[in-house]
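Trainee: Just need the structure, nothing else, for what follows:
(4 chains)
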Protein chains: 2
Amino acid sequence: MACELFRQHGIRGIGVDAIAEAAETNKMTLYRHFGSKDDLVCETLRYTSEKAAAFWDQLEASHPNDPMAQLQGWVKARAQCLADNKYGCDLANAAVELKEQGHPAHVVIENFKLAQRRRLEKLCRDAGVSEPELLSDTLSMLMEGAQVSKLATGSEGPSMRFMRACEAAIASFHQPATALETASQIPA
Amino acid sequence: MACELFRQHGIRGIGVDAIAEAAETNKMTLYRHFGSKDDLVCETLRYTSEKAAAFWDQLEASHPNDPMAQLQGWVKARAQCLADNKYGCDLANAAVELKEQGHPAHVVIENFKLAQRRRLEKLCRDAGVSEPELLSDTLSMLMEGAQVSKLATGSEGPSMRFMRACEAAIASFHQPATALETASQIPA
DNA sequence: TCGAATAGTTACCGACCGGTCACACCTATG
DNA sequence: CATAGGTGTGACCGGTCGGTAACTATTCGA
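Mentor: Got it, this is the predicted structure:
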C-alpha cells in the first residue's frame, strides 16, 4: 500500500513508479485512478485519518459511560502505538514535510488534527477534570512530541516516559478538586 | 543562508543551485567548500545546535544560582521562539524528513537532542522538583509537540497552550506530595 | 458475438536533481 | 612581472522526477 511507502520514505522520498510497482500495477493505471501524486497523497492521508476515527469509536465502546477509563485507554493505546510504530504520525510528518507550499494535503491534516483535538477535549471534559482544554492540549502535545522525539533520538529518548507523563498530567488535573468532590467521583 | 532555505522548503525541497544563488555565489564554489549536499546539511544543523548551546549559557547567566528561575526562563524563551518561528525545530524536522536512510545528519541530530535533554534534566534536578527526569522529558515532549502541532494546525491549535502546560507540569512536580501520590493512584 | 470500457506496456516528454569538468578570471604575494 | 590559488562561468554528466501518448490485451455485459 502507498501509505506504507510514504510513511517509510517520506512523501518526497518515494516516486510514483515505485508506488505503482509496490501496488503490483503500473504507473499509467495508477494515474487513471488518481489524477496526480498530490491526490494520491491526500487519499492516503484521508484513509489513515478514517482509521483513526474508527479507533475513537472503538475506544468509546470498550469503556461505555466511563470517560476516565476511556482517557486512560487512550493513553495506553497511544503508548502502544508509539512502541509499535517506527515512523510517527503520518499526518504530522506530512505537515512537517510539506510545511511551506500550499499542498492540498494541508486541509486533510488540519481537519484530522482538529477532530482529534475535539474528541480528546470532550473526553477530558466528560471525565470531569478541572481544566479540560488545558489537559487535552497537554496530552496532544505530549503525544505529538513523543512521536517526533522518538524519530530524533530513538526509543531511549524522552518518549520512553510518554505514558508516565500522561498519567501525571491527568492526575494533576484530576486531583486538585477538593476532597469532597473527589470522594463523590470515586467509582463504585 | 542555507539554514533559512532548508528550514523553509525542507532539505529535499531545495536544490543546490538555489542555495548557491541565495549565497550570492555559484554551485562550483559551494562544492569546493562543502564536499556534498549532505555535508552542507550537517554543517547547517551543527551551526544551529551551536547557537542553541549558546542560548543555554546565556540562560544560566541571566539567573545565576536560581535554577527554578532558569527553568521558568526556559519555558518563556521556548514560548517566544514558538511564537516567532513559523517552521519548528530544524533538527527535529530533519529527523522527520530523513527518518529512514542512514543520513550523516542523524548523529548531529541525536547529539543535539541528547545534550538538550541533559541540560534540561540537570535544571530540573537543581530546581529540586520531585521527579526531575520525568519533568524534563515531559517538558521536552511538550516543546517538540508544540512545534509540530503548530505546523499541522497553526497557532490556534494545541500549541497555544504550551506555556500554561509547562507551568502546570512544573507546578505539579514542585509540590511533591500531591503529584506523587496522585500519579501512583492511576492504575496501570 | 460485438462493442465498450478497463488495464497493461512501452516509450517518451521536459524539467530538475546532485555533482563534475575545463577554462577564464581576478588578486595577491614573491 | 610572474606565478599560484581561490573564484566565477557554463556546459555537461547520468539519473530520476511527475506525467502523457499511443497501442495492445483483457474483460464483461448486452
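
Trainee: contacting residues for the residue sitting nearest the centre point of chain A?
Mentor: Nearest to the geometric centre of chain A sits A:C89, at 5.9 Å (CA atoms, centre = their mean). Residues near A:C89 by CB atoms under 8 Å, 6 or more residues apart in numbering or on different chains: A:E144, A:Q147. All C-beta atoms are positioned from the backbone trio N, CA, C, and that covers glycine.

Trainee: okay, now A:N111: neighbour count?
Mentor: As a burial measure, A:N111 scores 15 neighbours (other CB atoms under 10 Å in any protein chain shown).

Trainee: for it, what are its contacts?
Mentor: A:S49.

Trainee: Tell me the confidence at the residue nearest to the centre of chain A?
Mentor: Model confidence at A:C89, given as pLDDT, is 96.

Trainee: Now it, what are its backbone angles?
Mentor: With angles defined as degrees, to the nearest 10, A:C89 sits at phi -80, psi 120.

Trainee: Not counting sequence-adjacent ones, nearest residue to A:L30?
Mentor: In this structure, A:L30 finds its nearest non-sequential neighbour in A:A20, 4.6 Å apart by CB to CB, 6 or more residues apart in numbering or on different chains.

Trainee: Which helix or strand contains that neighbour?
Mentor: Using DSSP states H and E, A:A20 falls within helix A:16-22.

Trainee: buried residues in that helix?
Mentor: Across helix A:16-22, burial judged by 16 or more other CB atoms under 10 Å in any protein chain shown covers A:I19, A:A20.

Trainee: Could you confirm whether the helix or strand following it reaches DNA strand D?
Mentor: Using DSSP H and E, the helix or strand that directly follows helix A:16-22 along the chain is helix A:27-33. Yes. If you take CB under 7 Å from any atom of the strand as the test, helix A:27-33 does meet DNA strand D, through A:K27, A:M28, A:Y31.

Trainee: Close to DNA strand D: what parts of chain A are there?
Mentor: With CB under 7 Å from any atom of the strand as the criterion, chain A comes near DNA strand D at residues A:I14, A:G15, A:V16, A:D17, A:A18, A:K27, A:M28, A:Y31, A:S36, A:K37, A:D38.

Trainee: can you pull the contacts of the second one?
Mentor: Contact analysis of A:G15 by CB under 8 Å, 6+ apart lists nothing.

Trainee: roughly how far apart are it and chain B?
Mentor: Distance of A:G15 to chain B, computed by CB to the nearest CB, to the nearest Å: 12 Å.

Trainee: Let's see the pLDDT reported for that residue.
Mentor: pLDDT at A:G15 comes out at 93.

Trainee: what's it sitting at in phi/psi?
Mentor: phi -100, psi 160.

Trainee: and the gap between it and A:V107?
Mentor: 25 Å (CB to CB, to the nearest Å).

Trainee: now swap in the fifth one and tell me
Mentor: For A:A18, the distance to A:V107 (CB to CB) stands at 26 Å.

Trainee: what does the third one give?
Mentor: As defined by CB to CB, A:V16 lies at a distance of 22 Å from A:V107.

Trainee: follow-up on the earlier one: if we check DNA strand C, which of the residues of chain A next to DNA strand D are in contact?
Mentor: A:K27, A:M28.

Trainee: and which of the residues of chain A next to DNA strand D is nearest A:R78?
Mentor: A:R78 lies nearest to A:I14 out of the residues of chain A next to DNA strand D, by CB to CB, at 26.5 Å.

Trainee: Give me the secondary structure label for the closest one.
Mentor: Under DSSP: H, G, I helix; E, B strand; the rest coil, A:I14 falls in the coil class.

Trainee: Tell me the confidence at the residue lying closest to it once chain neighbours are set aside?
Mentor: The shortest distance from A:I14 to any non-neighbouring residue, by CB to CB, 6+ apart, is to A:L5 (4.7 Å). pLDDT recorded at A:L5 is 93.

Trainee: and the host helix or strand of A:L5, which residues are buried?
Mentor: Assigned by DSSP H and E, A:L5 belongs to helix A:2-9. Under the neighbour-count criterion of 16+ other CB under 10 Å, helix A:2-9 has A:A2, A:L5, A:F6, A:R7, A:H9 buried.

Trainee: So which elements touch it?
Mentor: Identification of packing neighbours for helix A:2-9 by 3 or more CB pairs under 8 Å, 6 or more residues apart in numbering or on different chains; DSSP states H and E yields helix A:16-22, helix A:37-62, helix A:90-97.
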